[in-house]
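Engineer: Only the shape, not the letters, is given here:
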DNA sequence: TCCTATAAATGGAACGTTCCAATAAATCAA
DNA sequence: TTGATTTATTGGAACGTTCCATTTATAGGA
């Protein structure tokens, strides 16, 4: 069943009795050709089973119609949604988006970027892998390729960023906790090699400051950004002499881990220890108890990022405004009722 | 910062004082060139900031090095893992895998396939969107392009399939339920436009038959393959005159929905109603209670699929053996203890 | 020394498009 | 009828590679 040699515009031309140029024009939907001719050509295209060779076309054309989306972890629905959001708008703009996964590995990321470049992409949207070196994008920048960061950013890079307002999200969440009467707050999970971490932690700290809470460093516990990390964070925090009564978690996975560990110790998330997550993934709503979390609308950010990229490509520039997406705190049940109204006021360590 | 015109092998040639052919040879790592020359050329490549133009190369070469992975729903971690598994092996085989998402939409799938073809992919791995028409791949087949289906298949297609042993998985799960003492079993979720549905249902039915269980059609309840679908299934089943005491769910999402609905009614999953899922997604382990589920190893299937594809490409064939991946039942707590040993044997409906 | 064999480097054609400049055909004004 | 204008169509060069057939340089054998 090996195909006869691939059909080209010459084959179509012969079949339709016109020149290759005419075929090319028809292919591009030019208004210059007579309607009847176009019909004839289109029929021939169908007959010979032609498939357009975009590679050949791009050789002549200035710009290709494909853009690359480089995602740090596709397995994480949070980032998958980002990708899907982008894809949606690219698709309807006639741009072909290719998704590549770096599995949070800078080396892989390097390879992926190289491939994408060789493929001749018109632009790149990247959610950089953890541990990406500051110079990783230098080459692409000097090549004049439009690049944007989505969701994550690199320290001191001038590449435009589309990301949620992490600072504000953390501020909101922290205020909520304080509003519930908590005084000994912790920040769980994440690590300082991620800019996002500093942003969220910054929001946490600012809220503590302005609300008169003592956010001593001891209550900031770095850890893996998954369930296991959350469990570990809770354990170390409870082993302290004055353990916290509530925690803002770096993301929802960490929060789930915290709740799991709480249960394992016979404590009830919400009633005995308040936890709030970040990202508001789908499971947050269905967890036991439903998790209070900061919603960031990744799909929306993806769409936004795609629009920014399209604009960059059209105006052939490599610069664009940053876009900081609105966030909002979705209050569910993982922080329990107001703390001040509870019967037994906290003994030392458990706050008050 | 617009880049100087893109460097080509001619620029390199000039810079290094050799001919374009020599540069090409170096680029391809040919052993024909003198090592010192190669060094010189490589330096020039670096100096001029050259990026290889794969499009141009593919114009001459018979085959490209990119393959397309078309996924029905990237947002679902189950399929995302499949993609990631494939990606891993392609990457290390020097093949560039591009992922495209169809969002379970046959029209989008059509567009995506067209794009990929135009891009000149060397092969295609597809997890077809629900509702894909039987003829959707005819064109690609006659074009002689290697195609494989992963995870899902189309009815009566001769395209090779890499998928889990759905039949056996369902059989195993059903036996487990029967072993626990259940006699009124239900199959929840999914719909008959998916081949997978028939396979899983087939396993369920066969187990019922051979174990002497009456699997009347009334106990097979189609529904959306998500939490909502699961909740709905449980409700309708409990409204029946002789409700089931256990259910095999089309997938884990449905199972989660069932457990949610159970809780909402004050019933305890495991103790009051046994539920087993399918796919064994990560959350299954962490759910309350942890969900018994059929593990299918999507990443492993992805790797397998990639290997099959690589072989197809190398042997320039469009045929390959199907591969049915082993499954295994991961027993956790959502089916409770043995039914026969419990004190109060099941009354109709609430089941012990 | 000359001839042959081997190693290294090279020029040219080809791949399938696009796009410009040029031609051919049709229409119109005089 | 003729020339000018508009409308449709066309040939050719170019895009950046690969690969074959040659050429040139180097070494070895007599």
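Structural biologist: Cool, got the structure. Predicted, not measured: the structure shown is a model, and the values here were computed from it.
Engineer: What number of residues are in the vicinity of the residue of the stretch 101-250 of chain A found nearest DNA strand C?
Structural biologist: Residue nearest to DNA strand C within the stretch 101-250 of chain A: residue A:120 (12.7 Å; C-beta to the nearest atom of the strand). From N, CA and C alone the C-beta is placed, and that goes for glycine too. By other C-beta atoms under 10 Å in any protein chain shown, the residues close to residue A:120 number 22.
Engineer: wait, does the stretch of helix or strand residue A:45 belongs to contact DNA strand C?
Structural biologist: Assigning secondary structure by DSSP states H and E places residue A:45 in helix A:35-48. No. With C-beta under 7 Å from any atom of the strand as the measure, helix A:35-48 is seen stopping short of DNA strand C, the closest distance being 9.9 Å.
Engineer: any idea of the mean pLDDT for that helix?
Structural biologist: Along helix A:35-48, the predicted local confidence has a mean pLDDT of 95.
Engineer: Can you tell me what sits against the following helix or strand past it?
Structural biologist: Using DSSP H and E, the helix or strand that directly follows helix A:35-48 along the chain is helix A:54-60. With contacts defined as C-beta atoms under 8 Å, 6 or more residues apart in numbering or on different chains, helix A:54-60 is touched by A:64-65, A:120, B:53-56, B:58-59, B:64, B:118-120.
Engineer: roughly how far is stretch A:202-219 from the heart of the chain?
Structural biologist: For stretch A:202-219, the separation from the chain centroid amounts to 27 Å (computed by C-alpha atoms, centre = their mean, to the nearest Å).
Engineer: all helices of the stretch 151-300 of chain A, in order?
Structural biologist: Residue ranges of the helices in the stretch 151-300 of chain A, as given by DSSP state H, counting those that start in this stretch, are A:166-179, A:195-210, A:227-238, A:252-264, A:282-286, A:298-314.
Engineer: Pick the most deeply packed of those helices.
Structural biologist: helix A:252-264 (a mean of 24; mean count of other C-beta atoms under 10 Å in any protein chain shown).
Engineer: between it and helix A:227-238, how many degrees?
Structural biologist: Taking axes from the mean of the first three to the mean of the last three C-alpha atoms, to 10 degrees, one finds helix A:252-264 and helix A:227-238 inclined to each other by 60 degrees.
Engineer: With mean pLDDT and distance to residue B:137 added, can I get the helices of the stretch 151-300 of chain A in a markdown table?
Structural biologist: Below are those laid out as a markdown table (pLDDT from 0 to 100; distance: least, C-beta to C-beta, whole Å):
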| stretch | mean pLDDT | distance to residue B:137 |
| --- | --- | --- |
| helix A:166-179 | 97 | 44 |
| helix A:195-210 | 96 | 42 |
| helix A:227-238 | 96 | 40 |
| helix A:252-264 | 95 | 38 |
| helix A:282-286 | 89 | 32 |
| helix A:298-314 | 96 | 29 |
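Engineer: Mind checking these for the one nearest to DNA strand D?
Structural biologist: Taking C-beta to the nearest atom of the strand as the measure, the helices of the stretch 151-300 of chain A were each checked against DNA strand D, and helix A:298-314 came out nearest at 18.6 Å.
Engineer: What is the very next helix or strand once past that closest one packed up against?
Structural biologist: Sequence-wise, the next helix or strand downstream of helix A:298-314 (DSSP H and E) is strand A:323-325. If contacts are counted by 3 or more C-beta pairs under 8 Å, 6 or more residues apart in numbering or on different chains; DSSP states H and E, strand A:323-325 sits against strand A:161-164, helix A:298-314.
Engineer: tell me which parts of chain A are close to DNA strand C?
Structural biologist: Within reach of DNA strand C by C-beta under 7 Å from any atom of the strand, chain A has these residues: A:5-6, A:8-10, A:20-21, A:24, A:27-28, A:50, A:52-53, A:56-57, A:59-61.
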